[in-house]
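J.: just coords:
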Ligand code: XIL
């Protein structure tokens, strides 16, 4: 049977995974799944500040370079994740960064990292998760270190610097929590659209929006027309759309793994059937390859302490019902 990337290509989509560079090097089965199924990949951690910046005056590009080499050898596109985020900052960051030097730190980082891979990246998540409607600001911006140290225009600075450093990459704003039909989801969508519109008005170079799509299986409120409207608004702004970090948390499902797998598969199917109606969606990536590597087991532990099963392959790299569901949805 045909692979996910082939089914995706027939629907004019890219499909792929967030990958762990160590697994890719050391685990042959992991590597084979990526080579067989993916037309696009993203580093789960290897291109974040903490990975690239062991010290303020030192960059470590070994893992990131290796990933790009792997991608190019296999003709797989590479997304960069990410250039500016409030998390995964290096341990030295708090002690070193201040209002006097943060602007320089941000610009230098983006020039160095995006510049190093210029012309070879599919896209860059230039700014990740800049909205937090709970931080009590009128503009909905997150009270992140970057906002505190650089000011509210850090987003604009990051995008302009990224465009200069790599004019070929699609510059992306990536965000979570845009999906649910809840009051909270509505707030996130509204604040995000407001921010994107403002950037567009100011001629900030931005090409795409990443809807992370960390979903919840059997979520009561579900995913629906409000997300469809959000995507249409992004299209009307001229933005491309990526479903950039898909997984389906089974944290509230009962223990039986067969029934969990069935509900997770159904969640993938219904979410993709809905979102892929939007023609500006051009790429779908899951956040991890196999259930053995999912961040959710630690990040959103189940009450029964069993591992989460949110991805398309189980921890033995066998395709799960969710694999078939995604393939059929393409
Ligand atoms: C997560 C990784 O999966 C973990 O391994 C790491 O410890 C923390 O970051 N949204 C994002 C990703 O944009 O960068 C996050 O990745 C998951 C949520």
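T.: Okay, I see it. Since the model is a prediction, treat every value here as computed from it, not as a measurement.

J.: The longest strand belonging to the chain pairs with which strands, parallel or anti?
T.: Looking only at the chain and at elements set by DSSP state E, the strand with the highest residue count is strand 240-249. With DSSP bridges as the test, strand 240-249 is paired with strand 208-211 (parallel), strand 214-216 (parallel), strand 281-286 (parallel).

J.: which other residues reach the helix or strand just after the second one?
T.: Looking back up the chat, that one is strand 214-216. The helix or strand immediately downstream of strand 214-216 is helix 225-236, counting by DSSP states H and E. Helix 225-236 is contacted from outside by 178-179, 181, 185-186, 189, 192-193, 196, 209, 211, 241, 274-275, 277-281, using Cβ atoms under 8 Å, 6 or more residues apart in numbering. Every C-beta, even on glycine, is put in place using the N, C-alpha and C of the backbone.

J.: what comes up buried for helix 225-236?
T.: 226-227, 230-231, 233-235 (16 or more other Cβ atoms under 10 Å).

J.: The ligand contacts on the stretch 101-250 of the chain?
T.: 128, 176, 212, 245 (Cβ under 6 Å from any ligand atom).

J.: for residue 174, which residues make a bridge with it?
T.: Bridge pairing for residue 174 - DSSP bridges - gives residue 128, residue 210.

J.: That one: how many residues sit nearby?
T.: Using other Cβ atoms under 10 Å, residue 174 has 25 other residues around it.

J.: What of residue 208?
T.: 26.

J.: What residues does it make contact with?
T.: 123, 170-173, 239-242.

J.: Model confidence at it, what's the number?
T.: Per-residue pLDDT puts residue 208 at 99.

J.: what's the answer for residue 219, then?
T.: pLDDT at residue 219 comes out at 85.

J.: any idea which of the buried residues of helix 225-236 is closest to residue 132?
T.: residue 230 (17.3 Å; Cβ to Cβ).

J.: and the gap between that closest one and residue 180?
T.: Applying Cβ to Cβ, to the nearest Å, the value for residue 230 to residue 180 is 11 Å.

J.: Just after the longest strand of the chain, pick out the following helix or strand.
T.: Past strand 240-249, the next helix or strand by DSSP H and E is helix 257-275.

J.: which residues touch the residue of the chain most remote from its centre?
T.: Ranked by distance from the centre of the chain (Cα atoms, centre = their mean), the top residue is residue 100, with 30.5 Å. Taking Cβ under 8 Å, 6+ apart, we find residue 100 in contact with no residue.

J.: quick one: contacts for the closest residue to residue 19 other than its chain neighbours?
T.: In this structure, residue 19 finds its nearest non-sequential neighbour in residue 41, 5.1 Å apart by Cβ to Cβ, 6 or more residues apart in numbering. Residue 41 makes contact with 16-19, 34, 67, 71, 76-79, 285, according to Cβ under 8 Å, 6+ apart.

J.: next structured bit after the helix or strand that contains residue 41?
T.: If you go by DSSP H and E, residue 41 is part of strand 40-43. Per DSSP H and E, the first helix or strand lying C-terminal to strand 40-43 is helix 49-52.

J.: how about low-confidence regions in the chain?
T.: Counting by pLDDT under 70, the chain shows no low-confidence range.

J.: Alright, I will stop here.
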